[in-house]
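K.L.:
sharing a sequence plus its predicted fold:
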Amino acid sequence: MSRAEEFPPSPLLAATGASRRYRVARSALARLLDRRTMSALLGASFEVRPGDVLGIVGESGSGKSTLARLLVGLDRPSSGQVSFEGRDLSSFSAVDWQRFRNRVQFVFQGAHTALNPRKTVARSLSEAFAGSLNPGALEALLAQVSLGPELLDRLPHQLSGGQKQRIGIARALARQPEVLIADEPTSALDVSVQNEIIALLQQLHRDRHLTLVIISHDLGLVGAFCDRVLVMYAGRIVEMGPAAEILAEPAHPYTQRLVAAIPRGLAGRNRPAEPPLPEAARHGGCPFEPRCSNRIPICAQSEPPEVHLGDRLVRCHVAQSSVQNLAETNL
């Protein structure tokens with residue numbers, strides 16, 4: 001065993017019991033009368049280490065975008081914490097935040113809406129730099145995402161979806177970050193363009209040693225690209241582990257449905273299960289129980305515990321016994 005394997009690098013980012021609740025009422029007046037809240041994220045705990053390529057998968061309403069916003073400090077957890085290099089983000093000073101923004105960047109969801117429609121590509125990219133621009137800096141930034149300088153004077157409506165997504169990635173690269181978190185980087189794009197964006201992210205990981213966190217609804221796509229996968233349902237992490245193992249032997253019934261929905265011969269394109277039921281967060285037991293064909297009585301009565309087997313984690317009453325049996329077999 002090498003020294004690196006014996007002493008793995010400390011995590012760059014980590015969530016520890018991170019939860020996020022939002023007020024149901026939208027307007028200030030309504031909030032005076034309605035104090036109800038809803039849970040978008042419940043007790044998420046995991047680590048992102050240098051060089052990781054982590055995929056966070058789940059349908060709309062699963063909490064994956066909320067988790068991404070916590071990781072980059074756009075929102076703060078209602079309870080628990082998110083830390084960077086062991087420091088809680090809530091303790092950061094203004095100087096700390098500036099350094100953090102240079103090292104951790106976010107690619108926003110929606111290539112068609114992420115760019116200001118009134119700003120040229122040159123202006124959008126210029127505003128992303130922390131200091132003064134060197135001659136040729138914008139052209140060099142576009143070259144990193146395989147785009148030419150002729151796009152600098154164009155407005156977003158003059159670009160294709162793939163070009164907009166690449167410019168969104170270029171804007172995130174302007175500060176030379178160590179960590180890139182991309183929220184649905186291939187959504188609303190043609191399959192061929194999706195493959196190009198994934199190939200670009202792979203190249204950036206390889207050439208610049210970027211640590212990547214990819215948020216997606218598409219388990220097949222991130223499973224073929226990422227080293228580890230984290231599966232979310234109704235604000236909870238229901239399964240986590242090496243991508244190859246989860247794709248080959250998914251333990252949670254929801255993950256099994258995701259894997260079963262992947263067409264043969266394609267790395268993704270799945271829209272597997274309906275979004276979580278609105279009452280899932282208030283359900284007394286497992287939130288997936290109303291839709292689970294493997295449910296047993298305890299599933300409706302209590303939240304399933306976390307079961308660990310090596311690098312794998314699963315939260316499921318039914319899977320618990322099989323995972324424990326497998327652990328005993330491997331002893």
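P.N.:
Arrived safely.
K.L.:
who does the most centrally placed residue in the chain form a beta bridge with?
P.N.:
When Cα atoms, centre = their mean is applied to the chain, the residue found nearest the centroid is Ile215 (3.1 Å). With DSSP bridges as the criterion, Ile215 is bridged to Ile56, Asp183.
K.L.:
quick one: the helices in the protein?
P.N.:
Taking DSSP state H to define them, one finds helices in the chain at 3-6, 28-33, 64-71, 94-103, 121-126, 137-144, 161-173, 191-208, 219-225, 243-248, 253-260, 317-329.
K.L.:
run through the bridge partners of the residue nearest to Gln81 when sequence neighbours are not counted.
P.N.:
Residue nearest to Gln81 in three dimensions, not counting chain neighbours: Asp88, with 4.8 Å by Cβ to Cβ, 6 or more residues apart in numbering. No exception for glycine: its C-beta is placed from N, CA and C like everyone else's. Beta-bridge pairing for Asp88 (DSSP bridges): Ser83.
K.L.:
Asp88 contacts Pro77, doesn't it?
P.N.:
No - Asp88 is beyond contact range of Pro77, at 9.8 Å (criterion: Cβ atoms under 8 Å).
K.L.:
looking at the two, which is more packed in?
P.N.:
Pro77 (22 against 14; other Cβ atoms under 10 Å).
K.L.:
residues contacting that one?
P.N.:
Pro77 makes contacts with Ala15, Ala18, Ser19, Arg20, Leu41, Leu70, as judged by Cβ atoms under 8 Å, 6 or more residues apart in numbering.
K.L.:
so how far is Ile237 from it?
P.N.:
For Pro77, the distance to Ile237 equals 14 Å [Cβ to Cβ, to the nearest Å].
K.L.:
equivalent analysis for Leu70, please.
P.N.:
As judged by Cβ to Cβ, Leu70 and Ile237 stand 13 Å apart.
K.L.:
just Gly168 next, same as before
P.N.:
Separation of Gly168 from Ile237 (Cβ to Cβ) stands at 27 Å.
K.L.:
of these two, who's got more company?
P.N.:
Ile237 (27 against 23).
K.L.:
measure the more buried one to Ala44 for me?
P.N.:
Ile237 is 6 Å from Ala44, by Cβ to Cβ.
K.L.:
can you check Leu147 too?
P.N.:
In terms of Cβ to Cβ, Leu147 sits 35 Å off from Ala44.
K.L.:
same thing with Arg228?
P.N.:
For Arg228, the distance to Ala44 - Cβ to Cβ - is 14 Å.
K.L.:
could you do Ser192 as well?
P.N.:
34 Å.
K.L.:
quick one, which of those two is more surrounded?
P.N.:
Ala44 (27 against 8).
K.L.:
number of nearby residues for the nearest residue to Thr186 once chain neighbours are set aside?
P.N.:
Nearest-residue entry for Thr186: Gln194, 3.9 Å, with adjacent residues in sequence omitted and distances by Cβ to Cβ, 6+ apart. Neighbour count of Gln194, defined by other Cβ under 10 Å: 22.
K.L.:
hang on, Gln194 packs against Ala188?
P.N.:
No - the pair Gln194 / Ala188 is not scored as a contact, 9.7 Å apart, by Cβ under 8 Å.
K.L.:
ok, back up a step: may I see the helices of the chain arranged in CSV, with distance to Glu184 and mean pLDDT as well?
P.N.:
Formatted as CSV, these follow (distance: least, Cβ to Cβ, whole Å; pLDDT from 0 to 100):
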stretch, distance to Glu184, mean pLDDT
helix 3-6, 33, 46
helix 28-33, 29, 71
helix 64-71, 8, 94
helix 94-103, 21, 95
helix 121-126, 19, 94
helix 137-144, 21, 94
helix 161-173, 10, 93
helix 191-208, 11, 89
helix 219-225, 11, 84
helix 243-248, 18, 92
helix 253-260, 16, 91
helix 317-329, 28, 64
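K.L.:
out of those, which is closest to Val57?
P.N.:
Among the helices of the chain, the nearest to Val57 by Cβ to Cβ is helix 219-225 (4.8 Å).
K.L.:
tell me the helices and strands packed up against that closest one.
P.N.:
Helices and strands touching helix 219-225, as assessed by 3 or more Cβ pairs under 8 Å, 6 or more residues apart in numbering; DSSP states H and E, comprise strand 53-57, helix 191-208, strand 211-216, strand 228-233, helix 243-248, helix 253-260.
K.L.:
thanks a lot, catch you later.
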